[in-house]
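Q: predicted coordinates and the sequence they were generated for:
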Amino acid sequence: GAVVSQHPSRVICKSGTSVKIECRSLDFQATTMFWYRQFPKQSLMLMATSNEGSKATYEQGVEKDKFLINHASLTLSTLTVTSAHPEDSSFYICSARDGQTRFFGPGTRLTVL
Amino acid sequence: GDSVTQMEGPVTLSEEAFLTINCTYTATGYPSLFWYVQYPGEGLQLLLKATKADDKGSNKGFEATYRKETTSFHLEKGSVQVSDSAVYFCAYSGGSNYKLTFGKGTLLTVNP
């Protein structure tokens, strides 16, 4: 079946630095990708919807200047956490849409020290 | 607003036991309903889905029926295996924007 990859799988960074997370659809073209954040023992919270070639649509309460999303091609979307702080530590998951089917990446564990 | 409520875990069962994980939703219109499974170290995978009332989704021995009258989509399996140990998420999707709203997830552990 279709596969979505994320890189890196885990990252540790210092407070104040920026971190980029990549999401790739490996064998299909995804016009729409979604970025989620998952806190321990909680559900996936949608952060933003990313459409290829256009600006991302952010959910209420998500700072678009802090979580920069770029969907430059049909197989790649990136999430950049700018000026990261410890409260940004979380599990970030991307999802890509192939028709009406959704495929999820394995997630990226971000730890900000 | 729209939401999904599912049974909180963790759930621990012995192999071959019967499994039920409850899920109810609050949504306007006629959403599609899903169960996703997340095995340790892997991404979410679609387990089954139902797109209209009274539909039954099934896969790998798991079943769930879309009950509009009770706004429920409970997940069941007659005989669980150790390999079913995972986190299970109930979710719904409504409208044309393909957004998925997830429940909090239920951790299932099956012991031999």
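A: It's in.
Q: distance from the chain centre to the worst-scoring helix or strand of chain A on mean pLDDT, please.
A: Among the helices and strands of chain A, strand A:101-104 carries the lowest confidence by mean pLDDT, DSSP states H and E, at a mean of 86. How far strand A:101-104 lies from its chain's middle: 14 Å, per Cα atoms, centre = their mean, to the nearest Å.
Q: now do stretch B:52-64
A: Here stretch B:52-64 is found 10 Å from its chain centre; the criterion is Cα atoms, centre = their mean.
Q: same question, stretch A:36-50
A: The answer for stretch A:36-50 is 9 Å, by Cα atoms, centre = their mean.
Q: the least confident helix or strand of chain A packs against which elements?
A: With contacts taken as 3 or more Cβ pairs under 8 Å, 6 or more residues apart in numbering or on different chains; DSSP states H and E, strand A:101-104 sits against strand A:90-98, strand B:45-50. In this view, the C-beta of every residue, glycine as well, is placed from N, C-alpha and C.
Q: columns mean pLDDT on top of those strands, output as a markdown table?
A: Formatted as a markdown table, these follow (pLDDT from 0 to 100):
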| stretch | mean pLDDT |
| --- | --- |
| strand A:90-98 | 92 |
| strand B:45-50 | 93 |
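Q: could you identify which of those is most buried?
A: strand A:90-98 (a mean of 23; mean count of other Cβ atoms under 10 Å in any protein chain shown).
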